[in-house]
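**Student:** Could you look at this predicted model? Sequence included:
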Amino acid sequence: MSIKVGINGFGVIGRRVAYAVNKQEDMELIGIGKTSPDYKAKIGIEKGFNFYVPEDSHKEKFNKTGLKVSGSIDELIEKVDIIVDATPGSLGEMYREKYLNAKTPALFQGGESKDLAEVSFVAQCNYENSTGKNVVRVVSCNTTGLSRVLSSIDNVHDISKVTSVIARRAVDPDLPKGMVDSVSLDPVSVPSHHGPDVSTILPDLDIVTMAIKIPTTHNHVHSLIIDLNSSTTPDAIIDTLKNTPRVMLVSSKEGIKSTAHTFDLGRELGRDRGDIYESMIWEDSITVIGNRAYMYMAVAQEAIVLPENVDAIRAVLNTATREESIKTTNDSLCIGGPTS
Ligand code: NAD
């Protein structure tokens, strides 16, 4: 039997989750919550998606442009087994109440406070914690990227402390928030929210993060400094990362020296939208001095949380084990490498 899935919000993340859910043989995309009848709605309807709106005023806007609305978001919430909420961060509280009242389990995204959900989710770190929960938060792109890499290194090499300095893209490539020409301290105070957010997934990890926002649109880049309780070698860390699900090793020796190249790599791989779902670590940046390891990591912010959203659906409804779900999701999104 298929899992009936609703998506609320059809922006950077919601759109991608919708297309990914639509690829899963064990899921049926029932409908999508959307406010405006723009080109994304038009193309979605051409692809067979059903759209639901928050208010009658939104329905009128759709009707005026000749685009069909299938009902209200309240009706969508009643029809589905689970809803993936990808609305802007500020709407979480309001929608949470609606989902709980309808007894429809919900997944929220990383822009929401951790307190909104019963548990935060990264598939390979804590899949089982979400089973049977009503409200789960798929953590942000940077937290997902960090959690995958650090949990694996910690398991094998025993981390004592992590510092990450993050250069963050200022806006997404579709530029809904305008143009920028500055470097902002984001925030000025230390730590940035990313370190505490990783603690919602890896509570025993000692991590401090700092972040600056830079005027680019493609990818975040982490400068990672990892203190270990024992000595190791770059080759041993490379070996660990090769055996970690959803981590991709990239190399300057193959011409990948910037986020322009990681972005181009996504297009060259021929995936939907050129998306890269893996945490990307520069293999030739991995350096060990004493008990301290250094490396650079890129995070494709629009894409990295996609596989986690798909896995979280199965985790909440308990329809597959962690390994089964990661394998099914990876196969559907053309993600290679290990699944456990
Ligand atoms: P977005 O602004 O691109 O999309 C939000 C969508 O919700 C839009 O389609 C908007 O029209 C719609 N919407 C607005 N009001 C609505 C309402 N009342 N009901 C239903 N839909 C409504 O936002 P996004 O970047 O996709 O972010 C969504 C969530 O994902 C946030 O929590 C964000 O922090 C998180 N996230 C974003 C990124 C990223 O890089 N963009 C990465 C990881 C996580």
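**Tutor:** Noted; the coordinates are in hand.

**Student:** Mind giving me the packing neighbours of the longest strand seen in the chain?
**Tutor:** Longest strand in the chain by number of residues (criterion: DSSP state E): strand 159-169. Helices and strands touching strand 159-169, by 3 or more Cβ pairs under 8 Å, 6 or more residues apart in numbering; DSSP states H and E, are helix 141-157, helix 194-198, strand 207-214, strand 220-228. In short, each C-beta sits where N, CA and C put it, glycine included.

**Student:** Out of the ones you listed, flag the one nearest Gly92.
**Tutor:** Minimum separation from Gly92 across those (Cβ to Cβ) falls at helix 194-198, 15.1 Å.

**Student:** what comes up buried for that closest one?
**Tutor:** For helix 194-198, a neighbour-count test (16 or more other Cβ atoms under 10 Å) marks 194-195, 197-198 as buried.

**Student:** again with stretch 114-125
**Tutor:** Here stretch 114-125 shows 114, 116-117, 119-125 as buried, counting by 16+ other Cβ under 10 Å.

**Student:** Over to stretch 230-238?
**Tutor:** Per 16+ other Cβ under 10 Å, stretch 230-238 contains these buried residues: 232, 234, 236-238.

**Student:** quick one: which of those residues sit in helices?
**Tutor:** 234, 236-238 (DSSP state H).

**Student:** Can you measure across stretch 223-238, start residue to end residue?
**Tutor:** Chord length of stretch 223-238, first to last residue, is 17 Å (Cα to Cα, to the nearest Å).

**Student:** need the contact list for the residue nearest the centre of the chain.
**Tutor:** Centre of the chain computed as the mean C-alpha position; nearest residue by Cα atoms, centre = their mean is Val305, 1.5 Å away. By Cβ atoms under 8 Å, 6 or more residues apart in numbering, Val305 lies in contact with 13, 109-110, 138-141, 144.

**Student:** mind checking how far it is from Lys177?
**Tutor:** 19 Å (Cβ to Cβ, to the nearest Å).

**Student:** Tell me, how many residues neighbour Pro191?
**Tutor:** A count of neighbours around Pro191, defined by other Cβ atoms under 10 Å, yields 16.

**Student:** which residue packs closest to the residue lying farthest from the centre of the chain, ignoring adjacent ones?
**Tutor:** What lies farthest from the middle of the chain is Lys64; by Cα atoms, centre = their mean that is 34.5 Å. Nearest residue to Lys64 in three dimensions, chain neighbours excluded: Pro37, at 7.7 Å (Cβ to Cβ, 6 or more residues apart in numbering).
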